[in-house]
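**Q** predicted model and sequence follow; I will ask about them next.
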Amino acid sequence: MSRFDSYADLPGQATIHSRPAPLYPILASLAGAAWPPLLLTLPMWPPNPVGPGRDLDWRLMVLLIGLVLVPLGLWRIIDERRRSGRPGSRLGVVWRFMLYGGMAAAGLQVLWVLGMAVVGGFEAGDVAQALGAAETTLLIFGVGGLPIAMIIGVSYALWAGLCAAFIAFEARPAVKDRLGLMPKG
């Protein structure tokens, strides 16, 4: 039986370093964007064909957003590692992805709801209908949809963080500078 007596005993605490080739961040981004619930449900329930006046399937929208935000998040983490050396472990990479993913999901949901409220206001016949459309949109998609969007965003980001932590980074022990000759930074 193993016991966790300190924070360092938790799994994922080994010191990590970026893999040397530029191929690994690309592979990590593609694997992170390929969230299994999206890919598994697309063949079972194919999206409706997009035509005039038709909406894009939400799974395709989430996949497109993931193809943009996962490489952006990985680039942000690699840049942060260059500047400060943090996150220094795979667990830190996963936590950063989950934080950024939750914030991105909430921000995109708020922007989408506000856009829908404005469009609904322009389509209304008078001011009372515009206020009613805005209220309904804000209540249903804002208040009701925001927690669901954040849950989906955090779980997507958990998958992307695990992919990034294990593909783009490798565990290597820290090298001790015994003679004082290694550059700092």
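**A** Perfect, I can see it now.
**Q** check which helix or strand residue 135 maps to.
**A** Assigned by DSSP states H and E, residue 135 belongs to helix 127-137.
**Q** that helix: which residues count as buried?
**A** Neighbour counts over helix 127-137 (16 or more other C-beta atoms under 10 Å) mark 130, 133, 134, 137 as buried. (Each C-beta comes from the backbone N, C-alpha and C, glycine too.)
**Q** for residue 152, give me its contacts.
**A** Residue 152 is in contact with 62, 105, counting by C-beta atoms under 8 Å, 6 or more residues apart in numbering.
**Q** let's go with 7 Å and repeat that
**A** Contact partners of residue 152, counting by C-beta atoms under 7 Å, 6 or more residues apart in numbering, are residue 105.
**Q** do you know how far it is from residue 101?
**A** For residue 152, the distance to residue 101 equals 9 Å [C-beta to C-beta, to the nearest Å].
**Q** pLDDT weak spots in the protein?
**A** Applying pLDDT under 70 to the chain picks out residues 1-2, 4, 7-10, 12, 21, 50-54, 173-185.
**Q** could you export the buried residues of helix 127-137 as JSON lines, including distance to residue 94?
**A** Formatted as JSON lines, those follow (distance: C-beta to C-beta, whole Å):
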{"residue": "130", "distance to residue 94": "44"}
{"residue": "133", "distance to residue 94": "40"}
{"residue": "134", "distance to residue 94": "38"}
{"residue": "137", "distance to residue 94": "34"}
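**Q** helices of this structure, start to end?
**A** For the chain, the helices defined by DSSP state H occupy 23-33, 36-44, 58-84, 90-123, 127-137, 145-167.
**Q** closest one to residue 14 among the ones you listed?
**A** Within these, the stretch nearest residue 14 is helix 90-123; the backing value is 7.1 Å (C-beta to C-beta).
**Q** and the angle for the closest one with helix 127-137?
**A** 160 degrees (axes from the mean of the first three to the mean of the last three C-alpha atoms, to 10 degrees).
**Q** tilt between helix 90-123 and helix 145-167?
**A** 150 degrees.
**Q** now the angle from helix 90-123 to helix 58-84?
**A** Using the same axes, to 10 degrees, one finds that helix 90-123 and helix 58-84 are set 130 degrees apart in direction.
**Q** for helix 90-123, packing partners?
**A** In terms of contacts (3 or more C-beta pairs under 7 Å, 6 or more residues apart in numbering; DSSP states H and E), helix 90-123 is packed against helix 58-84, helix 127-137, helix 145-167.
**Q** list the buried ones in it?
**A** In helix 90-123, counting by 16+ other C-beta under 10 Å, buried: 90-98, 100-102, 104-106, 108-109, 112-113, 116-117, 120-121.
**Q** ok so, going back, now the helices and strands packed on helix 90-123 in a markdown table, with distance to residue 47?
**A** Putting these into a markdown table (distance: least, C-beta to C-beta, whole Å) gives the following:
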| stretch | distance to residue 47 |
| --- | --- |
| helix 58-84 | 6 |
| helix 127-137 | 24 |
| helix 145-167 | 17 |
